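K.L.:
Sequence below, structure please.
(chains A and B)
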Amino acid sequence: MKVSIKTLKGSSFEIDVEPTSKVSDVKKLIEVTQGDNVYPADQQMLIHQGNVLKNDTTLEENKVVENNFIVIMLSKKGSSSAASSTAKEPTKQPSVDRAIPTAPATQPPAPPAPVSEPVTAPVPTATTASAPAAAVTAASTEADNYGQAASNLVAGSNLEGTVQSILEMGGGAWDRDTVMRALRAAYNNPERAVEYLYTGVPEQAEAPAAVQALPVPAAVQALPVPAAVQPVDPSQAPQSAQLSIPSSGPNANPLDLFPQVLPNASANAGGGNLDVLRNNSQFRGLLSLVQANPQILQPLLQELGKQNPQILQLIQENQAEFLRLINEPAEGAEGNLLDQFAAGMPQTVAVTPEENEAIQRLEQMGFDRDLVLEVFFACNKDELLAANYLLDHMNEFDDDAPEPPQ
Amino acid sequence: MASSGDPSAVVVPRNFRLLEELERGEKGIGDGSVSYGMDDADDIYMRSWTGTIIGPHNTVHEGRIYQLKLFCDKDYPDRPPTVKFHSRINMTCVNPENGLVDQRKFSLLSNWRREYTMEAILTQLKKEMAASHNRKLVQPPEGTFF
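P.N.:
Take a look at the predicted model:
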């Protein structure tokens, strides 16, 4: 028999089925006829005269007869999923009550928003709070620095404390007698006394020291170089007296210049005179330093012996000529000194990263790099001590700036 | 069948009216979104009917098939039939406990006229599903019955 199949879109088609056919067979026939992409059998729903036909029943049982019409529609699996999710909702409540629960569904997203705002708010507050704390810390540091910049003359009970401080500042480089002599020459001004310790005590103060040295022949005998010179030239006696004066402070410059002298020494291995040394610019710089500050001769010779034994041997073999070199007036000494300092500084850059940072911090305080380097190493790389020294002598450094280092 | 009133008016007897509706249902006149038929073919009084409504588009009812039972007693069509949903549905005019369509809330039943048919009831119910107060109500799971 022929049965009309009507679709929801208004179209219809006919299929030829038997009254004894099962509804599932009819669905498969429709799938074959119309295409499985249009009406897949598993999604078909057939309706006949108000009844949804079940797959396991026959057309005869559903009273389908010739020329009857059956409505076909597709069930959506997505809709089934939505229905299953809807199952959670209560089904027997009045519709008015069901409308109310819809509103709370919209509200749950709202509560998280206020929660996130309080979480965000404290962060800038904490950041703002920490910044003022840092500013307060910086202010405190500045106040401390200003307080430490005070300068004054010492006398009486303060003298002993000042002497002790200067000894600690030198880190053992100066002995107590030297510090006392420097203070006396500076009329008990501790800042000036420290400057004398670095640059040398003035000659007017050296004269009494030289006189004191004469009555002690044993001290003169202890120096090998001056002792060897005496028999050769009696006029050298005053030189020996000066040489006996103890060193007043460390000097890093010899270490800077010796490496450059080393190659020349190798070339001079066969030479027997000091003419080559005379022509060496670095060596002339050393001679200028010795002439400006005679008390450094002894440690200079010791360092020279360690760094370059050949040059020391050469000097010992020609001591008379070496002494003449020392007494000769240096030509363009100031120019050479400046050049030596400029050339020597790069070689001193053998500092650890921490020391470099400390030097940079001292420079940021407003001092020249050369000055900072000098003070930093003089204070045995103690940043705090160097900072105090720089601040205490700020005015003196400004006055001395135009003048070349002495 | 004594008639009163205008002598010219023809009063169609109940059985002839039901037979006419039965034939219309079997022939499938209409868009196919509603269909109906007799529930018990052996009942000579043709009182029990079954119908289906396919949910309209763009509503929560889309893709669903709602089955209903209509009972036309002996006073039909002078009085409206009893309409009851067999498939579970959430509508303003349907009793949520038993699926009975409330006559006071469904205008077609409360303003019943003799010319109305069972097809008109089903078609009007479908329109009611698409009304603004029914189209977005949360629905029970598909395939459940009262």
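
K.L.:
residues near the residue in chain B positioned nearest to chain A, how many?
P.N.:
Scanning chain B for proximity to chain A using CB to the nearest CB identifies B:G37 as nearest, at 2.3 Å. (Glycine included, C-beta is placed from N, CA and C.) The burial count assigned to B:G37 is 22, neighbours taken as other CB atoms under 10 Å in any protein chain shown.

K.L.:
Then it would be within a helix, right?
P.N.:
No - with DSSP: H, G, I helix; E, B strand; the rest coil as the criterion, B:G37 is located in strand rather than a helix.

K.L.:
That one and A:V64: what is the separation?
P.N.:
As for B:G37, its distance to A:V64 is 10 Å (criterion: CB to CB, to the nearest Å).

K.L.:
Mutual contacts of the two, please.
P.N.:
When contacts are counted by CB atoms under 8 Å, 6 or more residues apart in numbering or on different chains, B:G37 and A:V64 have A:H48 as shared neighbours.

K.L.:
Let's test this: mean pLDDT of stretch A:170-179, rounded?
P.N.:
Throughout stretch A:170-179, pLDDT has a mean value of 76.

K.L.:
before we move on, what about stretch A:303-310?
P.N.:
For stretch A:303-310, the mean pLDDT works out to 74.

K.L.:
Same question for stretch B:110-130.
P.N.:
Mean predicted lDDT for stretch B:110-130 stands at 88.

K.L.:
Next: stretch B:136-146.
P.N.:
Stretch B:136-146 shows an average pLDDT of 82 in the prediction.

K.L.:
Now the phi/psi pair for the residue lying closest to the residue of chain B closest to chain A once chain neighbours are set aside, please.
P.N.:
For B:G37, ignoring the flanking residues on the chain, the nearest one in space by CB to CB, 6 or more residues apart in numbering or on different chains is A:Q49 at 2.3 Å. Backbone torsions of A:Q49, given as degrees, to the nearest 10, read phi 50, psi 50.

K.L.:
Does A:Q49 touch B:D39 like I think?
P.N.:
No - taking contacts as CB atoms under 8 Å, A:Q49 lies outside contact range of B:D39: 9.3 Å.

K.L.:
what sits in contact with each of the two?
P.N.:
Counting by CB under 8 Å, 6+ apart, the common neighbours of A:Q49 and B:D39 are B:T50.

K.L.:
partners of B:L100 in the sheet?
P.N.:
Partner residues in beta bridges with B:L100, using DSSP bridges, are B:K84.

K.L.:
burial measure for it, as a count.
P.N.:
In terms of burial, B:L100 registers 16 neighbours under the definition other CB under 10 Å.

K.L.:
With B:D42 instead?
P.N.:
5.

K.L.:
Using just helix, strand and coil, how would you label it?
P.N.:
Assigned with three-state DSSP, B:D42 falls in the coil class.

K.L.:
Now do it, the pLDDT please.
P.N.:
Looking at B:D42, its pLDDT reads 77.

K.L.:
related to what we said a few turns ago, of A:Q49 and B:D39, give the one with the bigger neighbour count.
P.N.:
Neighbours were tallied for A:Q49 and for B:D39 using other CB under 10 Å; the higher tally belongs to A:Q49 (24 against 18).

K.L.:
A:I5 contacts A:F13, doesn't it?
P.N.:
Yes - using CB under 8 Å, A:I5 makes contact with A:F13 at a distance of 5.5 Å.

K.L.:
Which residue of the two possesses the greater neighbour count?
P.N.:
In this comparison of A:I5 against A:F13, neighbours counted by other CB under 10 Å, the higher total goes to A:I5 at 23 against 13.

K.L.:
quick one, what contacts the more buried one?
P.N.:
Contact partners of A:I5, counting by CB under 8 Å, 6+ apart, are A:12-15, A:30, A:69-72.

K.L.:
change it to 7 Å
P.N.:
With CB atoms under 7 Å, 6 or more residues apart in numbering or on different chains as the criterion, the residues that contact A:I5 are A:12-13, A:15, A:30, A:70, A:72.

K.L.:
mind checking the SS state of A:D56?
P.N.:
Reducing the assignment to helix, strand or coil with three-state DSSP, the entry for A:D56 is coil.

K.L.:
count of neighbours near it?
P.N.:
By the measure other CB under 10 Å, the count of residues near A:D56 is 9.

K.L.:
Look up the closest residue to it, ignoring the ones flanking it.
P.N.:
If you skip the residues right next to it in sequence, A:D56 has A:K22 as its closest partner in space, 6.7 Å away by CB to CB, 6+ apart.

K.L.:
ok, that neighbour to A:E355 distance?
P.N.:
Taken as CB to CB, the spacing of A:K22 relative to A:E355 amounts to 98 Å.

K.L.:
contacts for the top helix by length along chain B?
P.N.:
When secondary structure is assigned using DSSP state H, the longest helix within chain B turns out to be helix B:14-27. Surrounding helix B:14-27, the residues in contact under the criterion CB under 7 Å, 6+ apart are A:49, A:68-69, B:35-38, B:46, B:72, B:74, B:76-77, B:117-119.

K.L.:
one more time with 10 Å, if that's ok
P.N.:
Helix B:14-27 is contacted from outside by A:4, A:48-50, A:63-65, A:67-69, B:1, B:11-13, B:29-30, B:34-38, B:41, B:44-47, B:49, B:51, B:72-78, B:114, B:117-119, B:122, using CB atoms under 10 Å, 6 or more residues apart in numbering or on different chains.

K.L.:
what's near enough to touch the closest residue to chain B within the stretch 51-200 of chain A?
P.N.:
When distances are taken as CB to the nearest CB, the stretch 51-200 of chain A reaches nearest to chain B at A:F69, 3.2 Å away. A:F69 makes contacts with A:3-6, A:12, A:14, A:47-49, B:25-30, B:32, B:35, as judged by CB under 10 Å, 6+ apart.

K.L.:
what about 7 Å?
P.N.:
By CB under 7 Å, 6+ apart, the contact set of A:F69 is A:4, A:6, B:27-28.

K.L.:
Can you name the two of these that sit furthest apart?
P.N.:
Comparing all pairs in the contacts of A:F69 by CB to CB, the longest separation belongs to A:K6 and B:K27, at 10.7 Å.

K.L.:
and these two? which has more neighbours close in?
P.N.:
Of the pair A:K6 and B:K27, A:K6 is the one with more neighbours under other CB under 10 Å, namely 21 against 12.

K.L.:
who does the strand or helix carrying the more buried one pair up with?
P.N.:
Secondary-structure assignment from DSSP states H and E places A:K6 in strand A:2-7. Note on strand A:2-7: by DSSP bridges, its sheet partners are strand A:12-16 (antiparallel), strand A:69-74 (parallel).

K.L.:
How many residues are close by A:D42?
P.N.:
Other residues within reach of A:D42 by the criterion other CB under 10 Å amount to 13.

K.L.:
got a pLDDT number for it?
P.N.:
In this model, A:D42 is scored at 79, pLDDT.

K.L.:
about what we covered before: for the residue nearest to A:D56, grab phi and psi.
P.N.:
Note on A:K22: its backbone torsions stand at phi -80, psi 150 [degrees, to the nearest 10].

K.L.:
what sits against it?
P.N.:
Residues counted as contacts of A:K22 (CB under 7 Å, 6+ apart) are A:55-56, A:58.

K.L.:
Can you spell out which residues form a bridge with it?
P.N.:
With DSSP bridges applied, the residues forming beta bridges to A:K22 are A:T58.

K.L.:
Need phi/psi at B:I53.
P.N.:
Reported as degrees, to the nearest 10, the phi and psi values for B:I53 are phi -130, psi 130.

K.L.:
residue contacts, it?
P.N.:
Under the criterion of CB under 7 Å, 6+ apart, the neighbours of B:I53 are B:34, B:66, B:68, B:122, B:125-126.
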